[in-house]
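Enquirer: could you look at this predicted model? Sequence included:
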Amino acid sequence: MSASSSSNISLDEYSVSVQNGFLPTEPPLRRLPDPYYNPWEDIMADLPALIRSGDIRQAVRSLPVLSTEKLHSEPEWRRAYSVLAFLTHGYIWGGERPENRLPPSIACPFLEVSSYLELPPCATYAALNLWNFTTVSPGQEDLTEPDNLAVLNSFTGTDDERWFFVISIAIEACGAKVIPLVLNAIEAVNLHDQGRVTQLLVQITECLAELSKILERMYEKCAPAVFYHQIRPLLAGSKNMAAAGLPNGVFYDRGGGVGEWRQYSGGSNAQSSLIQLFDIALGVQHWASGEATPSATSPHGAFMMEMRNYMPGPHRRFLEHVARIANIRPYAMSLPAASDVRKAYNAAVMMLGSFRDKHIRIVSRYIIAQARQQPPPQQQYQPRSNEEPTSTSALPVLKRLNLATATLLSQSSSSWSSSSSSPSSYSPSSSFSPSSVSSPQSEKSPDGTSFSSAFPFPSSSSFDSASSSASPSQDQGIFFGTGGTALIPFLKQTRDETKAAACALSGLDRRDLFVIDDMSGLNSNIKFARYMRGSLPEPTTLQRLKKQPIKTRDQHSILGENWGIYGIQGGWKENDFACNQAILWSYWLGPWIKSLVGGAYFDPTKFIQARLRKDLRELVMASVEWPPHDAVEAATEDICPGAPGQEFHDPRRIELINKLEGILKSKTDGKVSTTLWAILWISDVEKLEQFVQRAAGLDPFTLYAFIHADDIEKLVPLWTQRYQRRSSSVGGSAPPSAPSSRASTPPGGLSAPTIPPVTPTHNLQERPSSPENPSSSQHPITPSKIARVKKWKNAAIIFTEQKKTEEEACCYNLVTLTPTAHGFWRNARFALKPVSLAEERKRMDVQFFWLRQYYQKIKNKEVRSGDVITLVTENPETHPLPSFELLEMQWILHRVAAISGAVDDYKDDGFNDDGGGDGDGL
Ligand code: HEM
Ligand SMILES: N[C@@H](CC(=O)c1ccccc1NC=O)C(=O)O
């Protein structure tokens, strides 16, 4: 399968090749062929010396304003772009203080060239890396070996700088092979070829491992001090650079009094299409905004998205294309956790995470550690005589003001911010129009970072470890990357977001719960498909499905995000995943979808047709509303009202338990099982009171029998083991025919969220109370009041044609969980507390609680303790919400399971459930 055939795309069209990836196939030009451009080339050749001597600005100012008309081939435009980018940054940063006006001799041609190449007029990764390399000697053309590579343009002429750039170039060259791997894997998913998908994922992982090796070679020949003090200042952009002396960005002077202020991010590997390709292919979603203190308005993943605008137009479009067809993650998640595909997928994602770990270590050494050391003397900045240091504290004698010295400056002066106005807030723009340039605001910048806080000096703790817990608060400092991000927090978040995609590990995000977005959608669909294969729905059910009104995004998205069960319709327009979902849906649902949509289902390209879209939307029955998360830390079990664990602080309960302890100690050995212990702590307090009273009146023998009754010991195994018995008739999938009004709910996640198959546990059934004969009665230690248990029983037991007796009856009402969420659920890692049911059973609030501190923090998208999730249905008859009563029962039993620790006997957080298995619900 060739790369181009795999998805019918022409890589050429995207300026991408199987051979070189995002590097050009033709070697970059060493010089513009037309001597007309000699003035540029001559300065370029001498740039390091001109910067060193301080003559660069004069040299640039003396340049004529050259036309771009003599640029012909693509390589010529690229060469011009790279040269002008170097001259621009040399001009801006190549003096004691940055220069904020770019003369027409550079501004005019640079604006034209960059607009032709669909790039911003600054030193992007394309200018510095992609189009700035050559091989050293004719025999050694392997671009994946950094030793074979040299750069064409350089700011410093040092070998450190060469190395800094060529490491990325070698990574690009080595990563080229991933392009066909990704495209072929996408195709293999479409063909449902699990073996091939696995094989390709393994190859992607191997490729990532090779890239990591090259990355680590950075240490070989690029000295951190040289990078930090000599190279990095020249890479800085004009955005967020108030501290370094560019409060308003740079004025691009077109001559004749015309021009405009612009602010651009500096160079960064975040502008590499290769690394973003991995994210896209593997379905890694980034939420990091890049800002130090993300505001409610900062779009998720803003920085990475913004960086796409710093990539050459065709590369940007290539990524957009791959994002549209990407399907690997949802496919992997649709398969059992133990499947080869899923394992290979997780391995790939973790390898990408490990690449990012290594990168964080590099950043720690090359930036953070350097910033903490004393600067070499020649880097010190001496304020000019006409400059008024605004702080009374003594300033060090500094020579230069730039990205390196700005960090140091802030250490000793707390108020440079008031002399240099702050930058405009980080404001991602979707085009190359300059970011809005706010009028100088000396007190406070819009992003709240004054100079001093933007570049503080870290006080302690080593950053020199990917796992270090460096954070602004701990280290009293936020560093900024040349790209403008809050550096360490940003990189860590990006790394964590990567690893979180391997969701069999230890995280749960909103996508994992009740979701028809990626994996859960598939999961439900598989179930649905299995069911459908057995028996197609009657026409009436179909009609009901089709009639179900579809809500608009706004109607049911508090967040403006669509991580709900309505993933398909909500995310359709803006979420490429949704399209892929739909494509995969079509495979799973096969004939039935075909009957709905008329044959288009097997053709992914035709799949995105309005008609089909509409039909698919109509499959979505209910919605889930998520609460917004602000930047405030997640509520913990301790502080969240109504959270589990609050019982531990209830004085009445404590008193009763103390009393009971006294009774037990006086009459028995005083020991209780962990299950009973858990029950006592979470039981209805009235029930507890009753029990303590009874215990006080019982003789030691009967009391002992009570305490160690089988019923208690069986409670958790019975509750949790129902998952293990899923394949049995009771715990199985929804019944194939509709036994009651509820049965018209289609099975699986295509319906309103429903609750699980429940085998009514006999030990919870209400029985005549007879303390003298505990084994034949409702056990007095049953955690809840009798009336409540009655309600549960009524809600749980559904009699069907096949199952006429109470013992055989079952509840087929399911809440669909993803495999990940199901793994968490099965191990009692979280519980859902039913909070309220309103509007004629059309809306239900349930509150999510972690039962342990057991999740990764991923800002904004994680499921947090205390989250109130609203389940909504249009029609409670045909598509009922989960049973409030049963959720209540589960809430109690699940906490008993968690608190008792007994569930750990079944511990397998490896999520080796069968993913799409029957009864894969709560
Ligand atoms: C001394 C070497 C390097 C340093 C100091 C460094 C520093 C940084 C910093 C500070 C950022 C945050 C963006 C910003 O605000 O600028 C960043 C982003 C990034 N860097 Fe590097 N970098 C180095 C080399 C590399 C290399 C060789 C790669 C190769 C692929 C790389 C890949 C990335 C990527 C992909 C991002 C975007 C964030 C992400 O995807 O996780 N960096 N880098
Ligand atoms: N963002 C980095 C600089 C950086 O990594 C970089 C800058 C320009 C071109 C390429 C870069 N990265 C790796 O080659 C920094 O803040 O120092």
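Expert: Sure, I can see it. Just so it is clear, the structure is predicted and the values come from calculations on it, not from any experiment. Ligands and ions are numbered 1, 2, ... in the order given.
Enquirer: what parts of the stretch 1-150 of the chain come near ligand 2?
Expert: 125, 128, 129 (CB under 6 Å from any ligand atom). Glycine gets a C-beta too; all of them are placed from N, C-alpha and C.
Enquirer: got these as CSV, with secondary structure columns?
Expert: CSV is the format used below for those (DSSP: H, G, I helix; E, B strand; the rest coil):
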residue, secondary structure
125, helix
128, helix
129, helix
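Enquirer: select from those the one having the most neighbours.
Expert: Neighbour counts for these peak at residue 128, which has 29 neighbours (criterion: other CB atoms under 10 Å).
Enquirer: so, low pLDDT: which residues of the stretch 751-900 of the chain?
Expert: Along the stretch 751-900 of the chain, the parts satisfying pLDDT under 70 run over 751-827, 839, 851-865, 872-883, 886, 900.
Enquirer: correct me, but residue 869 touches residue 845?
Expert: Yes: the criterion here is CB atoms under 8 Å, and residue 869 meets it with residue 845 at 7.2 Å.
Enquirer: who has more neighbours, those two?
Expert: Counted by other CB under 10 Å, residue 869 and residue 845 do not tie: residue 869 has more neighbours, with 21 against 16.
Enquirer: which phi and psi does that one have?
Expert: Per-residue torsions, residue 869: phi -110, psi 130 (degrees, to the nearest 10).
Enquirer: ligand 2 versus that one, what's the distance?
Expert: From residue 869 over to ligand 2 the distance is 39 Å, taken as CB to the nearest ligand atom, to the nearest Å.
Enquirer: how about the nearest residue to that residue, chain neighbours excluded?
Expert: Using CB to CB, 6 or more residues apart in numbering and skipping residues adjacent in sequence, the residue nearest residue 869 is residue 846, 5.3 Å away.
Enquirer: list the contacts for that neighbour?
Expert: 832, 833, 834, 835, 868, 869, 871, 882, 887 (CB atoms under 8 Å, 6 or more residues apart in numbering).
Enquirer: can you check residue 303 too?
Expert: For residue 303, counting by CB under 8 Å, 6+ apart, the contacting residues are 270, 286, 288, 289, 290, 426, 428, 483, 484, 485, 490.
Enquirer: of all residues in the protein, which one is closest to ligand 1?
Expert: residue 481 (2.1 Å; CB to the nearest ligand atom).
Enquirer: how many residues are close by the closest residue to that residue other than its chain neighbours?
Expert: Leaving aside its sequence neighbours, residue 481 sits nearest to residue 487 (CB to CB, 6+ apart; 4.7 Å). Residues near residue 487, counting by other CB under 10 Å, number 25.
Enquirer: distance check, residue 669 against residue 708.
Expert: Applying CB to CB, to the nearest Å, the value for residue 669 to residue 708 is 10 Å.
Enquirer: correct me if wrong: residue 164 contacts residue 218.
Expert: Yes: counting by CB under 8 Å, residue 164 does reach residue 218; the two are 7.3 Å apart.
Enquirer: higher neighbour count, the two?
Expert: More neighbours surround residue 164 than the other of residue 164 and residue 218, with 25 against 21 (other CB under 10 Å).
Enquirer: list the helices and strands the helix or strand hosting the more buried one packs on?
Expert: Here residue 164 sits within helix 159-175, counting by DSSP states H and E. Under the contact criterion of 3 or more CB pairs under 8 Å, 6 or more residues apart in numbering; DSSP states H and E, helix 159-175 touches strand 133-135, strand 149-151, helix 194-216, helix 218-221, helix 273-282.
Enquirer: swap the cut-off to 6 Å and go again
Expert: Counting by 3 or more CB pairs under 6 Å, 6 or more residues apart in numbering; DSSP states H and E, the packing neighbours recorded for helix 159-175 are strand 149-151, helix 194-216.
Enquirer: what are the buried residues along the last one?
Expert: In other words, helix 194-216. By neighbour count on 16 or more other CB atoms under 10 Å, the buried set for helix 194-216 is 194, 196-208, 210-212, 214-215.
Enquirer: what about ligand 1: which of these touch it?
Expert: residue 215.
Enquirer: if any of the contacts of residue 846 are buried, give me the ChimeraX selection for them.
Expert: The following ChimeraX line selects those of the contacts of residue 846 that are buried, judged by 16+ other CB under 10 Å:
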select :832,833,834,835,869,871,882,887
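Enquirer: may I see the contacts of residue 846 arranged in JSON lines, with secondary structure as well?
Expert: JSON lines is the format used below for these (three-state DSSP):
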{"residue": "832", "secondary structure": "strand"}
{"residue": "833", "secondary structure": "strand"}
{"residue": "834", "secondary structure": "strand"}
{"residue": "835", "secondary structure": "strand"}
{"residue": "868", "secondary structure": "strand"}
{"residue": "869", "secondary structure": "strand"}
{"residue": "871", "secondary structure": "strand"}
{"residue": "882", "secondary structure": "coil"}
{"residue": "887", "secondary structure": "helix"}
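Enquirer: so which of the contacts of residue 846 comes closest to ligand 2?
Expert: For the contacts of residue 846, the nearest to ligand 2 is residue 869 (38.6 Å; CB to the nearest ligand atom).
Enquirer: all helices for the stretch 1-150 of the chain, in order.
Expert: 3-6, 38-45, 47-53, 56-61, 74-93, 104-117, 125 (DSSP state H, counting those that start in this stretch).
Enquirer: related to what we said a few turns ago, name the residues contacting each of residue 669 and residue 708.
Expert: Shared contacts of residue 669 and residue 708, defined by CB atoms under 6 Å, 6 or more residues apart in numbering, are absent.
Enquirer: quick check: which ranges of the stretch 301-450 of the chain have low pLDDT?
Expert: Ranges of the stretch 301-450 of the chain meeting pLDDT under 70: 337-338, 374-399, 407-450.
Enquirer: mind listing the strands for it?
Expert: 380-381, 398-399 (DSSP state E, counting those that start in this stretch).
Enquirer: hmm, residue 678 and residue 896 touching each other?
Expert: Yes: here residue 896 reaches residue 678: they are 4.6 Å apart, a contact under CB atoms under 6 Å.
Enquirer: so residue 846, which state does it fall into?
Expert: Under three-state DSSP, residue 846 comes out as strand.
Enquirer: what pairs with it across the strands?
Expert: Residue 846 has these beta-bridge partners by DSSP bridges: residue 834, residue 869.
Enquirer: tally of neighbours for residue 53?
Expert: 12.
Enquirer: phi and psi next, for the residue of the chain closest to ligand 1.
Expert: phi -80, psi 170.
Enquirer: and it, what pLDDT?
Expert: Residue 481 carries a pLDDT value of 89.
Enquirer: residue 477 too?
Expert: 51.
Enquirer: please name the nearest non-neighbouring residue to residue 40.
Expert: residue 83 (5.3 Å).
Enquirer: thought that neighbour was touching residue 39?
Expert: No: at 10.6 Å, residue 83 and residue 39 do not qualify as touching, with contact defined as CB under 6 Å.
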